[in-house]
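K.L.:
model the following, please.
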Amino acid sequence: MTKRRTRKIVAAAATAAALSLGLGTAPAMAWPAHPWEATSPHYTSREKANAVAATAKRDGVRTVIQVIGRHNIEVEYANGFANRHPADKVCSQVKAKGLPCMVEQEGHGVPTGWGRG
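P.N.:
Below you'll find the model as predicted:
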């Protein structure tokens, strides 16, 4: 076996080992156990939550509706922050558009609409 061929085999084996260990891949987003979120107040009907979400979307605000219970529904504007500051910033932007917003820590699990999975 030539030196060149041996180097190619070693390089291929090293690459395969690195990929199988997950090296060289993008790190997964680390979500805190109870991330901070920018959200609407909790609504008692899906219709009210849908109306707020539709207004927000028309104003260019991304939303995810989280149904916590039959009469406990919130419109989330952002979720997944490790601390309060970014959620406060989102709320300031949302309130500037005339929409209701408050900051709280997630207590019901992050909805799949935020890309956690």
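K.L.:
OK, contacts around Gly60?
P.N.:
Residues in contact with Gly60 (Cβ atoms under 8 Å, 6 or more residues apart in numbering): none are found. Backbone N, C-alpha and C define where each C-beta goes, glycine included.
K.L.:
how about Phe81?
P.N.:
Taking Cβ under 8 Å, 6+ apart, we find Phe81 in contact with 32, 35-37, 87.
K.L.:
tell me the contacts of the residue nearest to it when sequence neighbours are not counted?
P.N.:
Using Cβ to Cβ, 6 or more residues apart in numbering and skipping the chain neighbours, the partner closest in space to Phe81 is Trp36 (4.1 Å). Listed by Cβ under 8 Å, 6+ apart, the contact set of Trp36 reads 79, 81-84, 86-87, 103-106.
K.L.:
by mean pLDDT, flag the weakest helix or strand of the protein.
P.N.:
helix 3-20 (a mean of 55; mean pLDDT, DSSP states H and E).
K.L.:
how far does the next helix-or-strand element following that helix sit from the chain's center?
P.N.:
Using DSSP states H and E, the helix or strand that follows helix 3-20 towards the C-terminus is strand 36-39. Distance, stretch centre to chain centre, for strand 36-39: 11 Å (Cα atoms, centre = their mean, to the nearest Å).
K.L.:
which helices and strands does the helix or strand following strand 36-39 pack with?
P.N.:
Next helix or strand after strand 36-39 toward the C-terminus (DSSP H and E): helix 46-58. Packed against helix 46-58 by the contact rule (3 or more Cβ pairs under 8 Å, 6 or more residues apart in numbering; DSSP states H and E) you find strand 64-69, strand 72-81.
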